[in-house]
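Enquirer: with the sequence up front, the predicted model follows.
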Amino acid sequence: MTAPTTEVAASPALEFIAKTVAEHPVVLFMKGVPDQPRCGFSSVAVQILDHLGVEFVGVDVLQDDELRQGIKTFTDWPTIPQLYVKGEFVGGSDIVREMFQSGELKSFLIEQGVIAA
């Protein structure tokens, strides 16, 4: 689910989010950066992606308040981090962790062609 086109055009933050999600196979909007997460939930998401060997782009939402609010509007999802794969919103930290624990995340990432089987 993505924001309506009119909203995206009206907001530089939403435009940046849409462009980033479109240009990179795996994107994690997070607090901090992958090498230095600034919250426990972002840290968990990074650890899971690293464990699975996923190459991803980490976007620090703490650098810009409009971006921090914009990512919540973009997906209509209230929390950060947010994981996107091939332009599709996967979920936040809890969903990513649950999918990882069940094996569903690895299968999904293999199906999407972002990690090897």
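Expert: Here it is on my side, so go on. Numbers count the residues shown, from 1 in each chain.
Enquirer: what separation do you get for D65 and F56?
Expert: 23 Å (Cβ to Cβ, to the nearest Å). All C-beta atoms are positioned from the backbone trio N, CA, C, and that covers glycine.
Enquirer: same thing with E104?
Expert: In terms of Cβ to Cβ, E104 sits 18 Å off from F56.
Enquirer: with neighbour numbers in mind, choose between the two.
Expert: Each of E104 and F56 had its neighbours counted (other Cβ atoms under 10 Å), and the higher figure belongs to F56 (21 against 12).
Enquirer: nearest spatial neighbour of the more buried one, skipping sequence neighbours?
Expert: If you skip the residues right next to it in sequence, F56 has V26 as its closest partner in space, 3.9 Å away by Cβ to Cβ, 6 or more residues apart in numbering.
Enquirer: contacting residues around that neighbour?
Expert: V26 makes contact with 49, 54-57, 83-86, 109, 114, according to Cβ atoms under 8 Å, 6 or more residues apart in numbering.
Enquirer: let me know the closest of those to S11.
Expert: Each of these was scored against S11 by Cβ to Cβ, and Y84 proved nearest at 17.5 Å.
Enquirer: give me the element the closest one is part of.
Expert: Using DSSP states H and E, Y84 falls within strand 82-85.
Enquirer: who's the residue nearest the centre of the chain bridged to?
Expert: Centre of the chain computed as the mean C-alpha position; nearest residue by Cα atoms, centre = their mean is L83, 2.4 Å away. Taking DSSP bridges as the rule, L83 bridges to L28, G91.
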